[in-house]
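Asker: how would this look folded up:
(chains A, B, C and D)
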There are 4 protein chains.
Amino acid sequence: MEFRSSMESYPAPPLSVSEWLNTDKPLILEELLGRVVVIEAFQMLCPGCVSHGLPQAQRIARLFSRDQVTVIGLHTVFEHHEAQGSRAALKAFAHEYNIRFPLGIDKQGGYLPVTMSAYDMQGTPTLVIIDKQGNLRFQGIGQVEDLMVGKVIGGLLAESAKPAPKPDSDKVGCSDGVCLAARHPST
Amino acid sequence: MEFRSSMESYPAPPLSVSEWLNTDKPLILEELLGRVVVIEAFQMLCPGCVSHGLPQAQRIARLFSRDQVTVIGLHTVFEHHEAQGSRAALKAFAHEYNIRFPLGIDKQGGYLPVTMSAYDMQGTPTLVIIDKQGNLRFQGIGQVEDLMVGKVIGGLLAESAKPAPKPDSDKVGCSDGVCLAARHPST
Amino acid sequence: MEFRSSMESYPAPPLSVSEWLNTDKPLILEELLGRVVVIEAFQMLCPGCVSHGLPQAQRIARLFSRDQVTVIGLHTVFEHHEAQGSRAALKAFAHEYNIRFPLGIDKQGGYLPVTMSAYDMQGTPTLVIIDKQGNLRFQGIGQVEDLMVGKVIGGLLAESAKPAPKPDSDKVGCSDGVCLAARHPST
Amino acid sequence: MEFRSSMESYPAPPLSVSEWLNTDKPLILEELLGRVVVIEAFQMLCPGCVSHGLPQAQRIARLFSRDQVTVIGLHTVFEHHEAQGSRAALKAFAHEYNIRFPLGIDKQGGYLPVTMSAYDMQGTPTLVIIDKQGNLRFQGIGQVEDLMVGKVIGGLLAESAKPAPKPDSDKVGCSDGVCLAARHPST
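Answerer: Sure, this is the predicted structure:
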């Protein structure tokens, strides 16, 4: 498990999705401002995603009302494209695992899928949490504890929809176990 | 599992403790103002306490810094007094289960222990969460999900240490899965 | 969970497999006489297979020496053929889940795969245990307890490689939780 | 986890029990000849006993008929005597954890309880399995897998009630993961 740390708040990169399941229309982060957004990046053949990441995302979707927290699954296929890359495969998977929240297939484009690259994800499962302002506030790979996820979401829900105060510039690294990475937009 | 619902915020009753373990001096709620306080009410011979409640309290104590969240175990013995009622028994139990946070033995006095009665607890394990103002904000019996606990604590940490706004009087019952009971002090 | 009951011992039907993975040559039940054979019938998109059936098969393969107990995975695809029907998909799955024992793809042919039909399996996961004589001695769908599986295998290992004694004709149904179905060869 | 290995079969030492619960009369190994006997040595304040050993013993008692397999809990108190040493404490514990099989309190006598010493147990939980002849055939400390336990019991049930053949003297150590210790009676 690894968490990002950051001295500054910065806007979450847009989602680059080639196809959507479980939703009538594409989800766009700008349209979700005012809500906390949880993105579960997964691959259907990733054991940790099946045993931990996706069940956690389902618990999040069940506990919080959709008006307050929007859960999105992002299928970031970066290996075994033949086996798990098709819409049909993902649809069968979502059916069998009873996944009801919107699923986006991360756009292929280069070595890694486009959104996965933009967020600088290192693998799957990766959990991303975005605040009401559209800022990336948490990103963790592997098994993130429910208690931690609940704490982050609970804290973000308590924030007003207006911009969060800038962190002090002398406040470096992690606090309370929640950290955000110093990041530079990939150029 | 059952959660309290409440239309109003009200002060958490004081702790009536006959003996303390794992602490140099008694813990008093008034002295903890400014912190979130988590009370895990348990009995050492209660299976759900051993398998769920106490491990959860240990996870809370591990995740949050003690300056922000104080975890207290409250030994509310209401049966098998001969077997689990002594300080020696609790001390041996705490040693074997590696419980490091402060433990208070709820004062015997009547049919149920005094603190247990004051909080109107129906059994064990019961999880209580108190805000920085000293108000009871969450009480749940049985298995409360980590995600929920994290959410409540995260939300309370985001509150300022000043009094929370009074809930609207027309806002009845539960919201977002978190509820507080309409309560009347036991007379 | 459901177990078969039987008054009589009868030969396990042959395996009809279109392709094999994790083995140099096809496995044939006749050539495995003298060993106990465990068949785990599964589908890669079946949640119960991923969470219970296959991990159990891996534990069996790890505990028992291969000279005594041969574990075979049988991919009985009866739905989502497009997603999970290809050799490439199964190979990727076996790689990600680190499955080392031989895997056979059940031959398609009719409504259900051929071997699945011959064993009259009702779904996945199904666990089949065959004795040293090549007789079907246990078949269970769903979650079969490890304790039960160990008991059946331990009992079969203790049998000589010569034919087991015919059960008494007045001994009907299940005994000790292990049951075999009254079956008639599918004509 | 550690298993005993042995080149020879030898009789299980007698049980030295000061008090029994959950049974009308004391259990004596000689009177259980013809059955497989499983002894779960535990302490009520031992976390591994509560989370693993005793639930496993309960599963064994549930799966096998009592005529074939007799499960006995042995309370081998070697620490925290004040807290867990009394009959009342054990009775309360058995009630709360719903333990129905016979429980014996190992007789105090020296540094370790008498039966614990006679079996040369190194701690709790320890699982002991005795064959129909009254010979000690398996002893393991810590977490023994259900699959292994099932295998040992299944194999012993398949043996006739007559003496098992002497193992070859050149067959040293463990086989199939099941081992018995070279032992000398404690003098």
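Asker: Name the residue closest to the centre of chain A, please.
Answerer: residue A:39 (2.1 Å; Cα atoms, centre = their mean).
Asker: I figured residue A:134 was touching residue A:31, is that so?
Answerer: No. Using Cβ atoms under 8 Å, residue A:134 is not in contact with residue A:31, being 10.2 Å away. In this view, the C-beta of every residue, glycine as well, is placed from N, C-alpha and C.
Asker: Okay, helices next: where are they in chain A?
Answerer: Per DSSP state H, chain A has helices spanning A:47-48, A:54-63, A:81-84, A:87-96, A:114-118, A:146-158. These are given in chain order.
Asker: which stretch among those helices comes nearest chain D?
Answerer: For chain D, the closest of these is helix A:146-158, at 19.9 Å, according to Cβ to the nearest Cβ.
Asker: Check the offset of the closest one from the chain's centre.
Answerer: Centroid separation for helix A:146-158 versus its chain: 14 Å, with Cα atoms, centre = their mean, to the nearest Å.
Asker: now swap in stretch A:102-113 and tell me
Answerer: How far stretch A:102-113 lies from its chain's middle: 13 Å, per Cα atoms, centre = their mean.
Asker: residues of that stretch that come out buried?
Answerer: Buried residues in stretch A:102-113, counting neighbours by 16 or more other Cβ atoms under 10 Å in any protein chain shown, are found at A:102, A:103, A:104, A:105, A:106, A:107, A:112, A:113.
Asker: Who does the closest residue to the third one other than its chain neighbours form a beta bridge with?
Answerer: The spatial neighbour of residue A:104 that comes closest, neighbours along the chain excluded (Cβ to Cβ, 6 or more residues apart in numbering or on different chains), is residue A:17 at 3.6 Å. According to DSSP bridges, the residues that bridge with residue A:17 are residue A:106.
Asker: wait, doesn't residue A:17 sit right on residue A:106?
Answerer: Yes. Between residue A:17 and residue A:106 there is a contact at 6.6 Å, judged by Cβ under 8 Å.
Asker: Just send the buried residues of stretch A:102-113 back as CSV, with pLDDT too.
Answerer: Shown next, in CSV, are the buried residues of stretch A:102-113 (pLDDT from 0 to 100):
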residue, pLDDT
A:102, 98
A:103, 98
A:104, 98
A:105, 98
A:106, 98
A:107, 98
A:112, 95
A:113, 97
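Asker: possible to save the residues you listed as CSV with distance to residue C:48?
Answerer: CSV is the format used below for these (distance: Cβ to Cβ, whole Å):
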residue, distance to residue C:48
A:102, 25
A:103, 22
A:104, 27
A:105, 26
A:106, 28
A:107, 33
A:112, 32
A:113, 30
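Asker: which two from the residues you listed end up farthest apart in space?
Answerer: Using Cβ to Cβ, the buried residues of stretch A:102-113 span at most 21.5 Å, a distance reached by A:102 and A:112.
Asker: and whatever residue of chain A ends up closest to chain B, what does it touch?
Answerer: Nearest to chain B, among the residues of chain A, is residue A:150, at 2.3 Å (Cβ to the nearest Cβ). Remark: with contacts taken as Cβ atoms under 8 Å, 6 or more residues apart in numbering or on different chains, residue A:150 is in contact with B:145, B:146, B:147, B:148, B:149, B:150, B:151, B:152, B:153, B:154.
Asker: Excluding sequence neighbours, find me the nearest residue to it.
Answerer: residue B:150 (2.3 Å).
Asker: Least confident of the helices of chain A, on average?
Answerer: With a mean of 91, helix A:81-84 has the lowest mean pLDDT of those.
Asker: residues in chain A within reach of chain C, list them.
Answerer: Taking Cβ under 8 Å from any Cβ of the partner chain as the criterion, chain A approaches chain C at residues A:45-47, A:50-51, A:79-80, A:82-84, A:86, A:88-89, A:91-93, A:95-97.
Asker: please redo it, this time with the cut-off set to 7 Å
Answerer: Contacts of chain A with chain C, taken as Cβ under 7 Å from any Cβ of the partner chain, map to A:45-47, A:50, A:80, A:82-83, A:88-89, A:92-93, A:96-97.
Asker: Need the max-distance pair from the residues you listed.
Answerer: Across the residues of chain A next to chain C (Cβ to Cβ), the longest gap, 21.5 Å, separates A:47 and A:88.
Asker: Tell me how many other residues crowd the nearest residue in space to residue A:63 that is not next to it in sequence.
Answerer: With Cβ to Cβ, 6+ apart as the criterion, residue A:63 has its nearest non-adjacent residue at 5.3 Å, and that residue is residue B:147. Residues lying near residue B:147 (other Cβ atoms under 10 Å in any protein chain shown) number 24.
Asker: correct me, but residue B:147 touches residue A:151?
Answerer: No. Counting by Cβ atoms under 7 Å, residue B:147 does not reach residue A:151; the two are 9.5 Å apart.
Asker: Any stretches of chain A with poor pLDDT?
Answerer: Within chain A, the stretches with pLDDT under 70 are A:1-8, A:162-187.
Asker: where along it do the strands fall?
Answerer: Ranges of strands in chain A, per DSSP state E, are A:2-3, A:10-11, A:17-21, A:36-42, A:69-75, A:103-106, A:126-130, A:135-141.
Asker: Using a markdown table, please lay out those strands together with distance to residue A:119.
Answerer: Converted to a markdown table, those look like this (distance: least, Cβ to Cβ, whole Å):
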| stretch | distance to residue A:119 |
| --- | --- |
| strand A:2-3 | 14 |
| strand A:10-11 | 11 |
| strand A:17-21 | 13 |
| strand A:36-42 | 8 |
| strand A:69-75 | 9 |
| strand A:103-106 | 10 |
| strand A:126-130 | 6 |
| strand A:135-141 | 7 |
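Asker: Ok, which of those comes nearest residue C:125?
Answerer: With Cβ to Cβ as the measure, strand A:36-42 is the member of the strands of chain A nearest residue C:125 (22.7 Å).
Asker: Alpha carbons of that closest one, as PDB, please.
Answerer: The C-alpha trace of strand A:36-42 is given here as PDB (Å, rounded to 0.1, in the frame of the first residue of the first chain):
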ATOM      1  CA  VAL A  36     -17.100  13.600  -3.500                       C
ATOM      2  CA  VAL A  37     -15.900  11.300  -6.300                       C
ATOM      3  CA  VAL A  38     -14.400   7.900  -5.700                       C
ATOM      4  CA  ILE A  39     -12.600   6.200  -8.500                       C
ATOM      5  CA  GLU A  40     -11.700   2.500  -8.300                       C
ATOM      6  CA  ALA A  41      -9.100   1.700 -10.900                       C
ATOM      7  CA  PHE A  42      -9.100  -2.000 -11.600                       C
END
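Asker: who does that strand touch, helix- and strand-wise?
Answerer: Strand A:36-42 is packed against helix A:54-63, strand A:69-75, strand A:126-130, helix A:146-158, with contacts defined by 3 or more Cβ pairs under 7 Å, 6 or more residues apart in numbering or on different chains; DSSP states H and E.
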